[in-house]
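**Q** heads up, no residue letters with this:
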């Protein structure tokens, strides 16, 4: 990403539109890409715009301990999750008796399948599976963070990730079998 100076941030806090446009221009493409991981194109644009508005209104709370891009990314992801909550994406809570052991390291895919194919397959999963895989595999959140973000138990996060991974692997197997014939 880009190195944002404290002067630009101070100018944005003071409401200087030129500085705000510079900040927006530097980050809009990357933040739109992130939003598209969670939402369709139009909804992603709306969530991204709302995220920037929220970021500009909360710039005073930005601490340079983290990169500005990481801080903004978290806001954009939260906007996307808020949107998904509004449309009631169902995240099922599991009880102890239906939980399964999860092997989180078992993410094997056929070597001939491209990254683009994997990302497309993820985008075609059911929304709650797409959400959990995106948060875990792409964004790098751990189960405790996912639990907090989605307001679900940690065990539910683990179970949904396992089911999402198996579904994804089945989709990719189907793709591989179709591509061979």
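**A** Now that the structure is in, tell me what you want to look at. Just so we're clear, the structure is a prediction, and the values are computed from it rather than from any experiment.
**Q** hang on, residue 31 packs against residue 74?
**A** No: checked against C-beta atoms under 8 Å, the pair residue 31 and residue 74 is beyond contact range at 10.9 Å. C-beta coordinates here come from the backbone N, C-alpha and C atoms, glycine included.
**Q** so which of the two has more stuff around it?
**A** residue 31 (25 against 16; other C-beta atoms under 10 Å).
**Q** what about the host helix or strand of that one, average pLDDT?
**A** Element membership for residue 31, per DSSP states H and E: helix 17-36. Per-residue pLDDT over helix 17-36 has a mean of 93.
**Q** same question, stretch 143-163
**A** Averaging the model's pLDDT scores along stretch 143-163 yields 89.
**Q** could you do stretch 119-139 as well?
**A** 87.
**Q** determine how far the last residue of that stretch lies from the first.
**A** 13 Å (C-alpha to C-alpha, to the nearest Å).
**Q** centre of the chain to the longest helix belonging to the chain, how far?
**A** The longest helix of the chain (DSSP state H) is helix 154-180. Averaging C-alpha positions (C-alpha atoms, centre = their mean, to the nearest Å) puts helix 154-180 18 Å from its chain's average.
**Q** what's the answer for stretch 70-90, then?
**A** For stretch 70-90 - counting by C-alpha atoms, centre = their mean - the centre lies 8 Å from the chain centre.
**Q** how is this protein divided into domains?
**A** For the chain, the domain assignment from automatic domain parsing gives the residue ranges 6-86, 96-180.
**Q** and the helices in this protein?
**A** 6-13, 17-36, 41-57, 68-86, 115-123, 127-133, 143-150, 154-180.
**Q** would you tell me which one of the ones you listed is buried the most?
**A** helix 127-133 (a mean of 21; mean count of other C-beta atoms under 10 Å).
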